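Q: what follows is a predicted structure for the sequence shown.
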Amino acid sequence: MTEPIHSPPPAPGGAPGGGVPAGRVPGAGAAGGRVSDGGVPGGAVADGRAPLAEPPAGPLLVCAPLRFEARAIRRGLRDSARAGGGTGRGDAGSPTVMRTGYGSVRAARHAEKVREGSFGMLAITGTGAGLAPVLRPGDLVVASEVTSVGDGGPGDGPALRSPSAPLLAGELRRAGLRAHAGRVATVDYLVRGAERDRLAQKGMMAADMESAQLAAAAGGCPLAVIRAISDTADRPLLHPGVLAGGLSALRSLRAAGPVLDRWAAACGPRRVLLAGPRSFCAGVERAIEIVERVLAQRGSPVYVRKQIVHNTHVVHDLEQRGAIFVDELDEVPDGAPVVFSAHGVSPAVRQEAAQRELSVVDATCPLVAKVHKEALRFAADGYLVALIGHNGHEEVEGTLGEAPGSTVLIETAEDVAALRPKDEGKVAYLMQTTLAADEAEGMAGALLDRFPAARGPGSDDICYATTNRQQAARVVAAEADLVLVAGSANSSNSRRLVETAERAGTPAHLIDGPEDIQLGWLAGVSTVGLTAGASAPPAVVSEIIDALGGFGPVEVAERVTTTESIRFSLPKEVRH
Ligand code: SF4
């Protein structure tokens, strides 16, 4: 019942179909993770120079319980092979599909055969019952963990983790499928009626009858579990629409084949080089703490003008706790507390708040406030202020608003050439705090070429956090095959980190979380540089490392270029 998708080469280090080859590298998936991380929970930090463990010593083995499920996934894998999929698999060989039979007893029996097989990665597929109300027939559930669940008693088995689930679900969504990462329950009975609710209340997203037994056979190898939903609470097993649901599930399984092939191609041991410093800066920590304190003092809702910092996780978390983010003050009810974001506001916004007698707490970063003061000082002294920055960014809008008649935005060399100051001896320049240092210096140089007497800020406008994170990103980029930057798309300093790594000659990508990592980026990549913008929470970095551990053993090392100890005091309104 085990069939190769196309003729595989002999598995290196072991006879095809024989026992587990010597030197198989256990992944961090089913075994619960071998990720270590300096500064991230988990243990010792590798020095980053030791040779990596051997790559997967065998092909992808896909288990599917029933003939039609095996056929669907086999067709999907053939589609992938025809399209030249699986790039980066190296010598691991082509995937094979094993039909493992219906129900937990047959699954347990086949798990023995799986253990004896020669494979480098294990995938378990098939149809399943939807438990979460969000699911529809044809949806795919990628198991973050699989648990054998008893029939009401305390007899649940151990949870077997599949840390790469968020990436796999993200890749399936990018392939146009409706995919979710969540917990899967394996039961030994058909799930009906109130049983769906009982399992859903346990936090299970889907149920099947085989995955837990088969997943236990993965040992330390990377593990993926994908279940295509055939029936849901709305369309249970005896519903007239269940046949259509089953066909929809099989179509989704087939479409998942190429994605599974890419997942296998991305598997292998990896080194993660963490840039230090990374993640939250003092200004972001202060801004978040201000919102938390206002919530604690005055209760929800607390209004925040614009995103407090540019990060979706931070904003979502604060929303859950009672913050309401608005674009303008006219959305804030009279008398309500309102927090100004870390990026600062123009005097016009302050005046509007004062006129409406709103209860304002200002979370503007002190380093942004410093640039505002410089703009005011230069303008008061009769200077034309050239603000080097990016159009539309909230910080730039706020700084431009300090002296709008005397300040112009400079984004390009053409903007410098177009400057027409009244007095060429009275030109000054300032910078947005989150620019790439080399890019901003280039602009300042162009300005000084044209106006040699131009005055700059008293001390660097590009803040310490931006400078430090770029320096560390440059160092890890020099050693890495790929750089991942945790941060949201609207985060200026995070985007500059991507550019910094790219300028160092390494492909780099901005990701909000593990689900944004494209499997194709990882194929053939042995060293991943990892950093995070100043607004990205440290927890996201941990999640990314954990998810990478689902592709094989991960060694984590850190490259610390400097340490930071800066703290900013809180505004008086929330100090006590
Ligand atoms: S990145 Fe710099 S300017 Fe922005 S909040 Fe952090 S410390 Fe302040």
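A: Sure thing, it's come through.

Q: confidence-wise, which helix or strand of the protein is lowest on average?
A: Sorted by mean pLDDT, DSSP states H and E, the helices and strands of the chain end with strand 2-4, the least confident at a mean of 44.

Q: who are the packing partners of the very next helix or strand once past that strand?
A: Later in the chain than strand 2-4, the nearest helix or strand by DSSP states H and E is strand 60-64. Applying 3 or more CB pairs under 8 Å, 6 or more residues apart in numbering; DSSP states H and E, we find strand 60-64 packed against helix 67-82, strand 96-99, helix 104-116, strand 121-130, helix 242-265. From N, CA and C alone the C-beta is placed, and that goes for glycine too.

Q: and Asn468, what are its phi and psi?
A: Main-chain dihedrals, Asn468, degrees, to the nearest 10: phi -60, psi -40.

Q: I'd guessed it sits against Ser279; true?
A: No - contact criterion CB atoms under 8 Å: Asn468 and Ser279 do not qualify, at 11.3 Å.

Q: the residue in the chain that the ligand sits nearest to: what secondary structure?
A: Evaluated by CB to the nearest ligand atom, the chain has Gly283 as its residue closest to the ligand, separated by 2.5 Å. Put simply, Gly283 is helix when judged by DSSP: H, G, I helix; E, B strand; the rest coil.

Q: repeat that for Met205.
A: Reduced to three states by three-state DSSP, Met205 is strand.

Q: if I look at it, how far off is Ala282?
A: Separation of Met205 from Ala282 (CB to CB, to the nearest Å): 39 Å.

Q: report the contact partners of Asn391.
A: Residues near Asn391 by CB atoms under 8 Å, 6 or more residues apart in numbering: Leu409, Glu411.

Q: roughly how far does it sit from Met443?
A: Per CB to CB, Asn391 is found 14 Å from Met443.

Q: and what of Thr433?
A: Distance of Thr433 to Met443, computed by CB to CB: 15 Å.

Q: near the ligand, which residues of this structure?
A: 281-284, 342, 365, 367-368, 433-434, 463, 465-466, 493, 534 (CB under 6 Å from any ligand atom).

Q: hmm, try it at 5 Å
A: Contact residues (CB under 5 Å from any ligand atom) of the chain with the ligand: Cys281, Gly283, Ala342, Cys365, Leu367, Thr433, Cys463, Ala465, Ala534.

Q: residue contacts, Leu497?
A: Leu497 makes contacts with Arg469, Gln470, Ala473, Val485, Gly487, Ala508, Leu510, Thr531, Gly533, as judged by CB under 8 Å, 6+ apart.

Q: surely Ala501 touches Val475?
A: No - at 10.2 Å, Ala501 and Val475 do not qualify as touching, with contact defined as CB under 8 Å.

Q: okay, these two: which has more neighbours?
A: Shown here are Ala501 and Val475; by other CB atoms under 10 Å, Ala501 has more neighbours (27 against 19).

Q: any buried residues in the helix or strand hosting the more buried one, and which?
A: Applying DSSP H and E as the criterion places Ala501 in helix 492-503. By neighbour count with 16 or more other CB atoms under 10 Å, helix 492-503 contains the buried residues Ser492, Asn493, Ser494, Arg495, Arg496, Leu497, Val498, Glu499, Thr500, Ala501, Arg503.

Q: so Val408: helix, strand or coil?
A: Per three-state DSSP, the local secondary structure of Val408 is strand.

Q: ok, now Val315?
A: Assigned by three-state DSSP, the conformation of Val315 is helix.

Q: isn't it up against Arg321?
A: No - with contacts counted by CB under 8 Å, Val315 stays clear of Arg321, the gap being 11.0 Å.

Q: so those two - more neighbours on which side?
A: Val315 (19 against 13).

Q: so what's the more buried one closest to, chain neighbours aside?
A: Distances taken as CB to CB, 6 or more residues apart in numbering place Gln307 nearest to Val315, at 5.2 Å, with adjacent residues excluded.

Q: what's the burial count for that neighbour?
A: Neighbours of Gln307 under the rule other CB under 10 Å: 22.

Q: for Lys373, see how far away Pro366 is.
A: 10 Å.

Q: more neighbours, these two?
A: A count of neighbours by other CB under 10 Å puts Pro366 above the other of Pro366 and Lys373, at 14 against 10.

Q: and the gap between the nearest residue to the more buried one once chain neighbours are set aside and Leu247?
A: Among residues not flanking Pro366 along the chain, Phe568 sits closest, at 5.2 Å (CB to CB, 6+ apart). Distance, Phe568 to Leu247, by CB to CB: 59 Å.

Q: about what we covered before: have a look at Thr433 and Met443 and say which one is more surrounded.
A: Ranked by neighbour count (other CB under 10 Å), Thr433 and Met443 place Thr433 first, with 28 against 21.

Q: okay if I get the residues of the chain next to the ligand as JSON lines plus pLDDT?
A: Output for the residues of the chain next to the ligand, formatted as JSON lines (pLDDT from 0 to 100):
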{"residue": "Cys281", "pLDDT": "98"}
{"residue": "Gly283", "pLDDT": "98"}
{"residue": "Ala342", "pLDDT": "98"}
{"residue": "Cys365", "pLDDT": "98"}
{"residue": "Leu367", "pLDDT": "97"}
{"residue": "Thr433", "pLDDT": "97"}
{"residue": "Cys463", "pLDDT": "96"}
{"residue": "Ala465", "pLDDT": "97"}
{"residue": "Ala534", "pLDDT": "98"}
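
Q: report the buried members of those residues.
A: Using 16+ other CB under 10 Å as the burial test, those include Cys281, Gly283, Ala342, Cys365, Leu367, Thr433, Cys463, Ala465, Ala534 as buried.

Q: so which of those is the closest to Ser359?
A: Set against Ser359, the nearest of those by CB to CB is Ala342 (18.8 Å).

Q: surely the closest one is in contact with Asn311?
A: No - using CB under 8 Å, Ala342 is not in contact with Asn311, being 10.6 Å away.

Q: how close does the residue nearest the centre of the chain sit to Pro222?
A: Centroid check for the chain by CA atoms, centre = their mean gives Gly513 as the closest residue, at 1.0 Å. Between Gly513 and Pro222 the computed distance is 20 Å (CB to CB).

Q: kindly report the same for Glu171.
A: From Glu171 over to Pro222 (counting by CB to CB), the distance is 14 Å.

Q: looking at these two, which is more packed in?
A: Pro222 (30 against 26).

Q: that one reaches Phe551, doesn't it?
A: Yes - the criterion here is CB under 8 Å, and Pro222 meets it with Phe551 at 5.5 Å.

Q: could I get the full set of helices for the stretch 451-576 of the chain?
A: In the stretch 451-576 of the chain, the helices defined using DSSP state H, counting those that start in this stretch lie at 464-479, 492-503, 519-522, 538-548.

Q: got the CA positions of the last one in CSV?
A: It refers to helix 538-548. C-alpha atoms of helix 538-548 as CSV (Å, rounded to 0.1, in the frame of the first residue of the first chain):
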residue,chain,number,x,y,z
PRO,A,538,9.6,39.5,21.7
ALA,A,539,7.0,36.7,21.9
VAL,A,540,6.7,36.8,18.1
VAL,A,541,10.4,36.0,17.8
SER,A,542,9.9,33.0,20.1
GLU,A,543,6.9,31.9,18.0
ILE,A,544,9.0,32.1,14.8
ILE,A,545,11.8,30.0,16.3
ASP,A,546,9.3,27.5,17.6
ALA,A,547,7.7,27.2,14.1
LEU,A,548,11.1,26.7,12.4
